[in-house]
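Chemist: Need coordinates for the following:
(2 chains)
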Amino acid sequence: MSLEDLYREVILDHYRSPRNKGHLDSPDAVAQGVNPLCGDEITIELGFEGDLVSQIAIDGQGCSISQSSASMMTEAIKGKTRAEIETLTQRFRDMMSLDGETDIGLDPERPGAVLGDLEALQGVRKYPVRIKCASLGWNVLLEALGNEQATSND
Amino acid sequence: MIDLSHLKADFPVLSNGVHFLDSGASSQKPIPVLEAMDRFARTSYANVHRGAYKLSVAATDAYESARARVAAFIGATDPRELIFTRGTTTSLNTVAFGWGLEHLRPGDRILTTEIEHHANLVPWQMVAKRTGATLDHVPMTDGFRLDLDVYEQKLGPDVKVVAVTGMSNVLGIMPPVRTISDLAHRHGARVVVDAAQLVPHSPVDVVALGADFVAFSSHKMLGPTGIGVLWGRMDALEEMEPFEGGGEMISDVTLFEATWAEIPHRFEAGTPPIVEAVGLHAAIDYLESIGMDDVLQHDRELTGIALQQLSDLPGLTVQGPLDLEERGGVISMTMDGVHAHDLATILDDEDVAVRAGHHCAKPLMRRLGVGATARASFYVYSTEEDIDALVKALRRAGDLFGLGT
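Modeler: Coordinates of the predicted model:
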């Protein structure tokens, strides 16, 4: 396991040019998260069409792992239903899990076929202190989804 | 050039080749410190100030002898002015709550600075809230020094306490505490110095320093964790109420009230860190065998070499002064396009251990306009090879992130 496996080009590309960066005009749900240990920050805004996440915008600052993971996440979940997003989130968490034995259904013959660019984050698993960085955006996403639910239940 | 490279062999953790550049967070422990603690725990350990038996008397002697040793080390005229705490943070809280709650009133001002560690900021915020006193801050100049002109303007009869660092854990600068103290005293304010970085890295004479309270930790000066020091001038300590109550700190107790033991014992509630005091004693012996003038000079020489080499690196900015005047061995840096955490991970891959983050100084990070920095800090066991490894790893970080050289 080398540093080059951690800092793959696709990760650096998302870090330098985050996708879906900015703000929505009238988001249906917003959540913000901070990693208090290192100061990474991510804000997520969601727009829904029925059960679909039709729009997403992120803003934040921090290391390449936290910011690229959030950027890739926006691409992965846009246009997906809540149920699909839950499945994706679980897959991502499995990919980050420390044992490395969990079969998360990635196809080694076809890299990126299942989780897209996100599969490039597999290397983070070998750097346990950085898993929190990679997970920050996903935790904020779940919070944002919860916030929307709370609003619609009102 | 002072050569201390022979000392490295005294530090077992360093034997695996790690380039340990995080002494500002905590220092490594030399064999004499480890052995002194081990020997004491095996042969002489008991609780202190209690038993009439020989073992407890021996332990009490060792504990009080550590107090006298620390007092002599920092030039205190009376060992009773020396209070053992859990560390710098507890020392500063002891002053903020023990002295601040007693003497601060609505309308009073607490003057701290923009460059403080949270430990010399948050306790004062808590005490301000409880007493109605207000907080004010001395700004940093663009040259990374405290703005003493503004400091002088901010002083006034309503300023009751000035809380300042003796050496910044981010910038490395050593503010002129003597001048700051003299000016504060002209207005009747008490001066509290966070010396967590200063005492381990510089000769300190608390009388010459001129402050009223000085706080520092053992674990940053080759000693164990779990013990720290609060020195106070006797007249200042007499103005202070105990911050913690419990055993060992009382003279008499009824079901309704208690009277306090003599200073310093009234400020040491509960069983103190006894083995740790023995370790701190040994750490001071070790430092004095080198000589604190040489400790400082060695840090400064390495800092000069590092600053020189870092100036060649593309995209790298040192967040602190580039001259060595009144500066210790702490270098904070940022690299364009590479976040501090990524720097730390890449450096770790080259076995270079640095700290990345806000260094418990978030207001200063905002003032510097950065979210985080990577920080290299030196101590007696640091060498030029450590700096070479640092620079090589920083180059690799630049290459990985495509900064081009």
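Chemist: all contacts plus neighbour counts: C-alpha atoms, from now on.
Modeler: Fine.
Chemist: Just grab the bridge partners of residue B:375 for me.
Modeler: For residue B:375, the beta-bridge partners are residue B:332, residue B:355 (DSSP bridges).
Chemist: need the contact list for it.
Modeler: Going by Cα atoms under 8 Å, 6 or more residues apart in numbering or on different chains, residue B:375 touches B:22, B:170, B:330-333, B:354-356.
Chemist: Same check on residue B:132?
Modeler: Contacts for residue B:132 (Cα under 8 Å, 6+ apart) come out as B:104-108.
Chemist: repeat that for 7 Å
Modeler: Counting by Cα atoms under 7 Å, 6 or more residues apart in numbering or on different chains, residue B:132 touches B:105-107.
Chemist: Now do the closest residue in space to residue B:258 that isn't next to it in sequence against residue B:272, distance only.
Modeler: For residue B:258, ignoring the flanking residues on the chain, the nearest one in space by Cα to Cα, 6 or more residues apart in numbering or on different chains is residue B:252 at 5.5 Å. Residue B:252 is 19 Å from residue B:272, where distance means Cα to Cα, to the nearest Å.
Chemist: Need the buried ones from the contacts of residue B:132 selected in ChimeraX.
Modeler: Buried residues among the contacts of residue B:132 (16 or more other Cα atoms under 10 Å in any protein chain shown), as a ChimeraX selection:
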select /B:105
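Chemist: gap between the most centrally placed residue in chain B and residue B:89?
Modeler: The residue lying closest to the centre of chain B (Cα atoms, centre = their mean) is residue B:196, at 0.7 Å. Taking Cα to Cα as the measure, residue B:196 falls 9 Å from residue B:89.
Chemist: Residue B:242 against residue B:268, yeah?
Modeler: No. Residue B:242 is beyond contact range of residue B:268, at 8.4 Å (criterion: Cα atoms under 7 Å).
Chemist: Name the helix or strand for the residue nearest to residue B:258, please.
Modeler: If you go by DSSP states H and E, residue B:252 is part of strand B:250-253.
Chemist: so who does residue B:354 touch?
Modeler: Going by Cα under 7 Å, 6+ apart, residue B:354 touches B:21-22, B:344, B:374-376.
Chemist: Tell me the most packed of these, by neighbour count.
Modeler: In terms of neighbour count, residue B:375 stands highest of the contacts of residue B:354 at 28 neighbours, by other Cα atoms under 10 Å in any protein chain shown.
Chemist: Not counting its neighbours along the chain, what's nearest residue B:150?
Modeler: Leaving aside its sequence neighbours, residue B:150 sits nearest to residue B:138 (Cα to Cα, 6+ apart; 6.7 Å).
Chemist: Mind listing the residues bridging to the one you found?
Modeler: Where residue B:138 sits in a bridge, its partners, by DSSP bridges, are residue B:113.
Chemist: Just the pLDDT for it.
Modeler: We have a pLDDT of 98 for residue B:138.
Chemist: so can I have TSV of the contacts of residue B:132 showing distance to chain A, pLDDT and secondary structure?
Modeler: Formatted as TSV, the contacts of residue B:132 follow (distance: Cα to the nearest Cα, whole Å; pLDDT from 0 to 100; DSSP: H, G, I helix; E, B strand; the rest coil):
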residue	distance to chain A	pLDDT	secondary structure
B:105	33	98	coil
B:106	32	98	coil
B:107	33	96	coil
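Chemist: CA atoms only for stretch A:68-77 - export them in CSV, please.
Modeler: This file holds the C-alpha atoms of stretch A:68-77, laid out as CSV (Å, rounded to 0.1, in the frame of the first residue of the first chain):
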residue,chain,number,x,y,z
SER,A,68,-13.1,14.7,-2.8
SER,A,69,-15.3,12.1,-1.1
ALA,A,70,-18.1,14.7,-0.8
SER,A,71,-17.7,15.7,-4.4
MET,A,72,-17.8,12.2,-5.6
MET,A,73,-20.8,11.5,-3.4
THR,A,74,-22.8,14.3,-5.0
GLU,A,75,-22.3,12.7,-8.4
ALA,A,76,-23.2,9.3,-7.1
ILE,A,77,-26.5,10.2,-5.4
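Chemist: Much appreciated, bye for now.
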